[in-house]
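>>> coords below, sequence missing:
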């Protein structure tokens, strides 16, 4: 289990994990518009989990720095972690009580 930080301001959503050298937490986004992401200005690989409105993972991808990705459908939540930090699978439901 890892600590989850929320990208709950415009600035946090804008910068995400850019420019970080390392992290020991996951960053959760509550999406209002699109689900596409990029890893520009990032320094390490990340796992990205796309969740529906029921907080169920419907897609996962691992991205290297300077990549772009668009999931197969629009996500309600997006969780970014350091690569291999969590071992979550498609179909799992996350317990995000604070949301």
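Perfect, I can see it now. Fair warning: this is a prediction, and the values are worked out from it, not measured in the lab.

>>> which residues does the lowest-mean-pLDDT helix or strand in the chain contact?
One helix or strand of the chain scores below all others by mean pLDDT, DSSP states H and E: helix 10-15, with a mean of 84. If you take Cβ atoms under 8 Å, 6 or more residues apart in numbering as the criterion, helix 10-15 is touched by 6, 7, 29. (Glycine included, C-beta is placed from N, CA and C.)

>>> tell me the contacts of the first one?
Think residue 6. Counting by Cβ under 8 Å, 6+ apart, residue 6 touches 12, 27, 28, 30, 98.

>>> and the residues you listed, which are buried?
Buried subset of the contacts of residue 6 (neighbour count, 16 or more other Cβ atoms under 10 Å): 27, 28.

>>> now distance to residue 90 and secondary structure too, for the contacts of residue 6, in TSV please.
Below are the contacts of residue 6 laid out as TSV (distance: Cβ to Cβ, whole Å; DSSP: H, G, I helix; E, B strand; the rest coil):
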residue	distance to residue 90	secondary structure
12	27	helix
27	20	strand
28	18	strand
30	20	strand
98	23	coil
